[in-house]
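S.K.: Quick one: sequence plus predicted model below, questions after.
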Amino acid sequence: MLSSFGRKLKVSVFGGSHEPSVGVTIEGLPRGFKVDMNRVRDFLFRRSPSDSLFSTSRAESDVPVVKSGLHNGITFGPPLTVIIQNTDISPADYLDFKHIPRPSHADYTARVKYGNSPAMSGGGPFSGRMTAPLCVVGAIAIQLLERQGVTVGGHIYSVGDVKDDPFDPVNVSIEQLSRLGSEAFPVLSEKAGLAMREAILAAKENGDSLGGVAEVCALGVPAGIGGPMYDGLESVLSQIFFGIPAVKAVEFGAGAGSSRLKGSENNDAFYYDDEGAVKTRTNNHGGILGGITSGMPVIARLAFKPTPSIAATQDSVNLETGENVKLTIGGRHDPCFVPRAVPAAEAALAAGILDLML
């Protein structure tokens with residue numbers, strides 16, 4: 001199954017969680033760009049489960065293999081195709097779910113739409129596994145954006161009821177984003193990070209799971225990128241953000257909180273800085289006005305639902321017999337998606353910004 005997005009940067013993701021491989025084809029990359037595949041591998045490592053206490057025990061090496069589109073590591077015009085072999089697959093873990101849909105998974109809706117045609121083991125094309133090829137795109141987009149002075153980063157904003165410090169919407173620094181990108185559990189507050197780990201472990205021990213929020217930021221995006229309505233950066237980014245499995249809400253800047261403010265509180269006053277550039281003293285607009293970047297940091301938050309695969313027994317139905325049944329889910333699953341979702345959110349942010357900057 002193929003899923004695509006993009007205008008100038010056209011991205012097509014393919015494969016499935018327990019198929020032989022997943023991969024991506026990228027069209028529209030500028031010619032003559034040398035892709036650092038070591039950086040792509042490092043970015044993928046951030047998405048991979050690094051500690052089975054807080055993530056799935058499924059062990060994938062996530063080695064990106066270039067099939068076409070590079071000559072001596074340099075883009076030369078044709079689409080770039082990269083695949084990642086799935087090596088730790090176990091389709092047998094999911095045989096019981098062929099006719100018994102797992103609650104809050106795509107099992108039922110995919111069957112209604114496609115019948116039994118998709119390979120749905122582990123969620124198939126609806127699985128979080130599909131964020132691996134997205135991270136390939138993001139790692140390449142980040143390299144291209146850096147040439148334009150744009151830096152992308154993110155952190156775990158919340159897990160359950162535990163919140164990290166938010167980004168300062170006016171004073172995010174490149175050094176801060178760089179530090180977060182080097183951490184396996186990226187948070188601004190060490191105290192909050194410890195509390196998040198404890199909450200995840202408690203949920204896991206109780207056979208349950210937690211949701212949370214990832215916050216991402218892009219620095220150095222020039223003013224004037226985007227357009228009105230459906231050409232706006234928020235519109236472009238939202239499609240890519242919602243393509244990340246388990247994302248249920250997206251907000252930019254003050255987001256839903258702006259609905260509780262007065263205009264005098266929400267408005268971001270303009271001023272000229274010491275270099276004569278137009279800035280705003282606050283950044284409730286999240287770096288985007290009318291769908292167009294303002295030159296302030298672009299900040300977005302992605303809310304993830306709790307992992308639906310939990311150890312507790314749940315109610316479901318047998319689509320073959322027409323009976324109500326009880327369901328117990330085995331297999332290997334993250335007790336909380338968010339720690340591994342941060343690089344995927346960064347990848348989506350970078351891909352959307354690059355698409356419009358091209």
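M.R.: Looks like it came in fine. Numbering: from 1, shown residues only.
S.K.: list the buried ones in stretch 153-164?
M.R.: When burial is assessed from 16 or more other C-beta atoms under 10 Å, stretch 153-164 yields the following buried residues: 153, 154, 155, 156, 157, 158, 159, 160, 162, 163, 164. For the C-beta atoms, the positions are set from N, CA and C on the backbone; glycine is no exception.
S.K.: wait, doesn't the third one sit right on residue 189?
M.R.: No: counting by C-beta atoms under 8 Å, residue 155 stays clear of residue 189, with 9.4 Å between them.
S.K.: and for these two, which residues touch both?
M.R.: Taking C-beta atoms under 8 Å, 6 or more residues apart in numbering as the contact criterion, the common neighbours of residue 155 and residue 189 are residue 164.
S.K.: For this protein, give me the ranges with low pLDDT.
M.R.: Within the chain, the segments meeting pLDDT under 70 span 50-60, 88-96, 117-123, 331-332.
S.K.: Looking at it, which helix is longest?
M.R.: Counting residues, the longest helix found in the chain (DSSP state H) is helix 338-357.
S.K.: for that helix, packing partners?
M.R.: For helix 338-357, the helices and strands in contact under the criterion 3 or more C-beta pairs under 8 Å, 6 or more residues apart in numbering; DSSP states H and E are helix 37-47, helix 131-146, strand 151-159, strand 212-219, helix 233-242, strand 298-304.
S.K.: Compute the first-to-last residue distance for stretch 19-34.
M.R.: The distance separating the two terminal residues of stretch 19-34, taken as C-alpha to C-alpha, to the nearest Å, comes to 30 Å.
S.K.: What residues does the residue lying farthest from the centre of the chain make contact with?
M.R.: Distance from the centre of the chain peaks at residue 321, with 37.5 Å (C-alpha atoms, centre = their mean). Remark: with contacts taken as C-beta under 8 Å, 6+ apart, residue 321 is in contact with residue 99.
S.K.: measure it to residue 108 for me?
M.R.: Here the criterion is C-beta to C-beta, to the nearest Å. By it, residue 321 lies 15 Å from residue 108.
S.K.: Residue 155 now?
M.R.: Taking C-beta to C-beta as the measure, residue 155 and residue 108 are separated by 34 Å.
S.K.: ditto for residue 171
M.R.: When C-beta to C-beta is applied, the distance between residue 171 and residue 108 equals 46 Å.
S.K.: With neighbour numbers in mind, choose between those two.
M.R.: Between residue 171 and residue 108, counted using other C-beta atoms under 10 Å, the more crowded position is residue 108 (16 against 9).
S.K.: That one and residue 101 touch, don't they?
M.R.: Yes: between residue 108 and residue 101 a contact is recorded at 3.8 Å, counting by C-beta under 8 Å.
S.K.: which residues do the two both contact?
M.R.: With contacts taken as C-beta under 8 Å, 6+ apart, residue 108 and residue 101 have residue 319 as neighbours in common.
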